[in-house]
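A.B. asks: Build me a structure from this.
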Amino acid sequence: MIKIKDKNGKLILTVNGVTLVGADLVGADLANADLYSADTLVGTNFTAANLACADLQDANLANADLHGANLSATNLEGANLAGADLHGANLRGADLQLANLTGANLRGANLYAIDLHRANLSGADLTGANLYDANLLNADFTGADLTGANLRGADTTGANFEDSVGLPQSYD
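C.D. replies: Numbers count the residues shown, from 1 in each chain. Predicted structure coming up:
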């Protein structure tokens, strides 16, 4: 079920039984959308879409194109974003606890104050990403590329950076 709400939280559209696998939603305004547990978003093109404050908890966005999308304050807890393209996306303040970002492209993404607690970012490309003040507690960055990433103020307690490249010597 997909529920679309206006910026005041008023329900304006409910859709049942629709599949968006591979759909073209370039530039779509889905702010505040309720896509909780949506499993029909694999490979969907959300380039430059507005998904601010949307609920995508446990959604399957594997291989989705989200480059340049606005995902600020979006709930992506437990979401599957394996292989997703998020380069240049704005995820400021988003919740990605327990999310699967294996092999995701996060080059130049704004991850300011993001919550990646126990998220899997193995093999992800975070080149030039802004992780300032991010919660990286127990996150897995095995084999990730962090070249030029800003980790200033990030909580990396228990994070696994084994075989990652480009990790700054100090980021406090």
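
A.B. asks: in this structure, which spans are strands?
C.D. replies: Assigned by DSSP state E, the strands in the chain fall at 2-5, 11-15.

A.B. asks: Which one of those strands has the poorest average confidence?
C.D. replies: Ranked by mean pLDDT, these bottom out at strand 11-15, with a mean of 54.

A.B. asks: low-scoring pLDDT stretches of this protein, where are they?
C.D. replies: For the chain, applying pLDDT under 70 flags the ranges 1-19, 169-172.

A.B. asks: ok, 50 please
C.D. replies: Along the chain, segments meeting pLDDT under 50 span 172.

A.B. asks: what's Thr44 in contact with, if anything?
C.D. replies: Residues near Thr44 by C-beta atoms under 8 Å, 6 or more residues apart in numbering: 20-23, 25, 61, 64-65. C-beta here means a position set from N, CA and C on the backbone, and glycine is covered the same way.

A.B. asks: So what does it look like in phi/psi?
C.D. replies: phi -70, psi 140 (degrees, to the nearest 10).

A.B. asks: What separation is there between it and Ala38?
C.D. replies: 10 Å (C-beta to C-beta, to the nearest Å).

A.B. asks: Likewise for Asn45?
C.D. replies: With the distance defined as C-beta to C-beta, Asn45 ends up 15 Å from Ala38.

A.B. asks: The two: which has the busier surroundings?
C.D. replies: Under the criterion of other C-beta atoms under 10 Å, the comparison of Asn45 against Ala38 puts Ala38 first, with 23 against 19.

A.B. asks: one step back: could you point out which of the contacts of Thr44 is nearest to Gly128?
C.D. replies: Nearest to Gly128 out of the contacts of Thr44 is Asp65 (C-beta to C-beta; 18.9 Å).

A.B. asks: Ala23 - how many residues pack around it?
C.D. replies: Close neighbours of Ala23, defined as other C-beta under 10 Å, add up to 16.

A.B. asks: isn't it right next to Asn45, touching?
C.D. replies: Yes: at 7.0 Å, Ala23 counts as touching Asn45 under the criterion of C-beta atoms under 8 Å.

A.B. asks: What number of residues are in the vicinity of the residue nearest to Gly166 when sequence neighbours are not counted?
C.D. replies: Leaving aside its chain neighbours, Gly166 sits nearest to Thr147 (3.1 Å; criterion: C-beta to C-beta, 6 or more residues apart in numbering). Counted with other C-beta under 10 Å, the neighbours of Thr147 add up to 16.

A.B. asks: check contacts around Thr147.
C.D. replies: Contact partners of Thr147, counting by C-beta under 8 Å, 6+ apart, are 127-128, 165-166.
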